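[1] Sequence isn't available, so here's the structure alone:
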């Protein structure tokens, strides 16, 4: 990278906010997915949206690729740096710019954490999307990944709550998409930006919708002999027309792991635990809660524990949210998957995962958002045993394939990033990928924003219209024109 | 093989539709898409099309996965027919725009992102469509999204296509999320003669944790109403509580069981064969001004009170009347829907002039439809 660009970045953001020392840069070499690492040429920490625009404009001028990074808690390598590029770190953009409660809107910068939004509008209102990493993860990252969480079966995902964005496009221009108002004229460009994993630009201001906090919350945990039996309870509850705020399942292995951290004292012989949370108006919640309790019993629950107060409820959720970190206590390493299946296919797919686990001789824990059929299989392995990491990765890949074959998706909330791009052709045909590329090219014809993510193979944009020009990546021999 | 004439084609498959678009692109012909034909008069009057492509033969309910609460519908399926099938399973697609006496198709509703009162609770087209299949003018058929309710793989082209008015390609199939039908519904109605009081009472309800199925306002002549619909086991109880709020705000309250016709009327008032209809994208706090503007112009209105969307119907259709509404309600965009062609020609029905946004929209259009084959000229910015 030309020293000129680094000088330019220093001029824009101040020398103290531009890192080029390899030792310092290593802080940013991975996001939440530690299997991948890459050290960028420079990391820059702009302090305003205007500085972000100037940084991106400078990169564009120099033909240098860049990657935006929020808190770095993503689980698909979406914020993995590009070695020859610049990492744009947004942690200094952490102001809540406006709380417009009368209109149920909040405008914030991308580095604000997910929980800060609910804190800013509570206790009367809240911001529903709640990824497990919500204490640290940033709204900008949530927008890039279209993050979900435990409560999205009822409340929806990030995309259902973003109504406006200020975006810096890859040429450094600033554009306002959507706004506080709904159904503004023209294409739903903020809609298509959410979940685009940093490949269409970087959001510098985000307008979110917030909603009234529920009047009542009731939570229970039901124990079953097996995940299959718990799956039948889920079907019964949903078929009865109940829309729980959350409905989460954990299998034996994940219960064991979580017990080591959360100490809930759940029965040692339960094959699966199902956390069901109803929220809403007090009377509606009461009426439906009894029904859920009964349906769990009818589906063969071996026990049902109802949280008597907020403290007991917190223990249930501590068990659930501890599942990922706690797995480290029962296995030296693990690999998290994020596939989705149609809810009715859950029992079959769980059987298939068991079968695969036996075939590969590895343990697989299962914790999942049962309402939306979003599985998080945790493939356990020991990186010190030769070949085991590779076997684990292969097994995880087989699980993804099984989910897609059951009519599902390769990722429900973690994103494609670098981790799942190789599975994209399992889900999408060449013509589908070509249509994605049309969108990409409209936003970023030079392919400088987060290159190498999402799409399974590098591809370039032809000019529309005009004479052929050699692309910088093509010149560098990094990609071929399709 | 579908009948192919110079002016009207009705493909039987997405591949056939894509081939027809590819041919049109090669020959430089303009194609207009037609579903139920209920909203052909919306948008900027474009140049005369050479071909009309109808989705009438793409009319299959491909899948209804009751246990998964999802369905796959071909574009030409009338919404009313799909709802009938879902209702038999105690389910619904939570979309209730005016349905043109049953003619409006799911493809047309997605393409125009038309909506109705249910969006208060369940959001709208952009939130309920899980995946799309599209026929593109490069002759290809592409899919985006999935059939599951949670998916973040690939770009969300379903959102790009929702409300794109057919300017990027033909929607041939959509995957949708369904919801359980509410067991029982009751509507609390509060009537009054002051637009500000109505909007304020509705906003008060919008901020309470009462989970209304729908929350509307209406205005006609010199009086209006707030309508709050509740569903579920505790619906009557919650409607009574809402009535208390409405009475406290000085409105005349009434609880209505068998409230179906009430809500059909709310949706129907978003259309008009004779009058001009302007949709205002306001904020929640801007609803009062929109109702007052309707009153001032001697018109009527319906609106989604919490969401800030108001449809104003004016007896007199004129460019001046549109200008006046826009002047009063700025910066809220005022989009002209139903209006005579002469009015839609004289003004920009879309009320969009931001150069940055329009430039990006044009870039999207150029990538998907570089030869301007699909519904050219009818969209914002002359797209």
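    Perfect, thanks for sending it. Owing to the predicted nature of the structure, the values given are computational and were not obtained by experimental measurement. Numbers count the residues shown, from 1 in each chain, chains lettered A, B, ... in the order given.

[2] Check whether residue A:8 really touches residue A:58, as I assumed.
    Yes - counting by Cβ atoms under 8 Å, residue A:8 touches residue A:58, with 4.5 Å between them. Placement of C-beta: from N, CA and C, glycine included.

[3] Neighbour count for those two, which is higher?
    Higher neighbour count among residue A:8 and residue A:58: residue A:58, with 22 against 19, using other Cβ atoms under 10 Å in any protein chain shown.

[4] Show me what the one helix or strand that one maps to is packed up against.
    Following DSSP states H and E, one finds residue A:58 within helix A:49-62. Of the remaining helices and strands, those touching helix A:49-62 by 3 or more Cβ pairs under 8 Å, 6 or more residues apart in numbering or on different chains; DSSP states H and E are helix A:3-13, strand A:66-69, strand A:86-89, strand A:162-168, strand A:202-209.

[5] In the sheet, which strands lie alongside the very next helix or strand once past the last one, parallel or antiparallel?
    Next along the chain after strand A:202-209, taking DSSP H and E as the criterion, comes strand A:211-212. Each strand that pairs with strand A:211-212, with its direction, by DSSP bridges: strand A:125-126 (antiparallel).

[6] what sits up against the partner strand?
    Strand A:125-126 has contacts (Cβ atoms under 8 Å, 6 or more residues apart in numbering or on different chains) with A:101, A:104, A:118, A:210-213, B:207.

[7] Distance to residue A:251 and mean pLDDT for the helices and strands packed on helix A:49-62 - can I get that in TSV?
    What follows is the helices and strands packed on helix A:49-62, written out as TSV (distance: least, Cβ to Cβ, whole Å; pLDDT from 0 to 100):
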stretch	distance to residue A:251	mean pLDDT
helix A:3-13	47	96
strand A:66-69	33	98
strand A:86-89	37	98
strand A:162-168	33	98
strand A:202-209	34	98
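
[8] In chain A, where is pLDDT below threshold?
    In the predicted model of chain A, residues A:1-2, A:464-482 satisfy pLDDT under 70.

[9] A strand includes residue B:229, no?
    Yes - assessed by DSSP: H, G, I helix; E, B strand; the rest coil, residue B:229 belongs to a strand.

[10] still on that earlier bit, would TSV of the helices and strands packed on helix A:49-62 with distance to chain B be doable?
    Output for those, formatted as TSV (distance: least, Cβ to the nearest Cβ, whole Å):
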stretch	distance to chain B
helix A:3-13	21
strand A:66-69	17
strand A:86-89	20
strand A:162-168	9
strand A:202-209	9
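
[11] how about TSV for those, with distance to residue B:379 added?
    Below are those laid out as TSV (distance: least, Cβ to Cβ, whole Å):
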stretch	distance to residue B:379
helix A:3-13	37
strand A:66-69	30
strand A:86-89	33
strand A:162-168	20
strand A:202-209	23
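
[12] Helix or strand for residue B:22, just tell me which one.
    Residue B:22 is located in helix B:14-27, with elements delineated by DSSP H and E.

[13] Just the buried residues of that helix, please?
    By 16 or more other Cβ atoms under 10 Å in any protein chain shown, the buried positions in helix B:14-27 come out as B:14, B:16-25.

[14] Just the buried residues of the contacts of strand A:125-126.
    Buried by 16+ other Cβ under 10 Å: A:104, A:118, A:210-213, B:207, out of the contacts of strand A:125-126.

[15] Spatially nearest residue to the most centrally placed residue in chain B (excluding sequence neighbours)?
    The centroid of chain B falls nearest to residue B:114 when counting by Cα atoms, centre = their mean (0.8 Å). Nearest residue to residue B:114, sequence neighbours excluded (Cβ to Cβ, 6 or more residues apart in numbering or on different chains): residue B:97, at 3.8 Å.

[16] picking that back up, who touches the helix holding residue B:22?
    Contacts of helix B:14-27 with the rest of the structure, by Cβ under 8 Å, 6+ apart, involve B:2, B:4, B:9, B:11, B:29-31, B:50-51, B:53, B:58, B:133-141, B:169-170, B:172-173, B:371, B:373-374.

[17] roughly how far out does that helix sit from the chain middle?
    Chain-centre distance of helix B:14-27: 27 Å, with Cα atoms, centre = their mean, to the nearest Å.

[18] What residues does residue 40 make contact with?
    You didn't say which chain, so I picked chain A. For residue A:40, the contacting residues are A:25, A:28, A:67, A:81-83, A:85-87, by Cβ under 8 Å, 6+ apart.

[19] oops, chain B please
    Residue B:40 makes contact with B:32, B:34 under the criterion Cβ under 8 Å, 6+ apart.

[20] before we move on, what about residue A:75?
    Contacts of residue A:75 (Cβ under 8 Å, 6+ apart): A:31-33, A:336, A:338, A:414-415, A:419.

[21] Which helix or strand contains residue B:289?
    Going by DSSP H and E, residue B:289 is in helix B:287-296.

[22] what's the offset of whichever helix or strand comes after that helix from the middle of its chain?
    Downstream of helix B:287-296, the next assigned helix or strand under DSSP H and E is strand B:300-304. Distance, stretch centre to chain centre, for strand B:300-304: 14 Å (Cα atoms, centre = their mean).

[23] in stretch B:186-194, what's buried?
    Quick answer for stretch B:186-194 (16+ other Cβ under 10 Å): B:186-192, B:194.

[24] Just the residues contacting it, thanks.
    In contact with stretch B:186-194 (Cβ under 8 Å, 6+ apart) are residues B:198, B:201, B:222-230, B:235-236, B:238-240, B:242-243, B:246-247, B:249-257, B:259, B:262-263.

[25] What subset of the residues you listed is buried?
    With burial judged by 16+ other Cβ under 10 Å, the buried subset of these is B:198, B:201, B:224-230, B:235, B:238-239, B:242-243, B:246, B:249, B:251, B:253, B:255-256, B:259, B:262-263.

[26] Take these and keep only those in helices.
    Members of the buried ones among the contacts of stretch B:186-194 lying in helices (criterion: DSSP state H): B:198, B:201, B:235, B:238-239, B:242-243, B:246, B:262-263.

[27] Make JSON lines from these and add distance to residue A:170 and pLDDT to it.
    Below are those laid out as JSON lines (distance: Cβ to Cβ, whole Å; pLDDT from 0 to 100):
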{"residue": "B:198", "distance to residue A:170": "46", "pLDDT": "98"}
{"residue": "B:201", "distance to residue A:170": "47", "pLDDT": "98"}
{"residue": "B:235", "distance to residue A:170": "50", "pLDDT": "94"}
{"residue": "B:238", "distance to residue A:170": "49", "pLDDT": "95"}
{"residue": "B:239", "distance to residue A:170": "52", "pLDDT": "97"}
{"residue": "B:242", "distance to residue A:170": "49", "pLDDT": "98"}
{"residue": "B:243", "distance to residue A:170": "54", "pLDDT": "98"}
{"residue": "B:246", "distance to residue A:170": "51", "pLDDT": "98"}
{"residue": "B:262", "distance to residue A:170": "50", "pLDDT": "97"}
{"residue": "B:263", "distance to residue A:170": "45", "pLDDT": "98"}
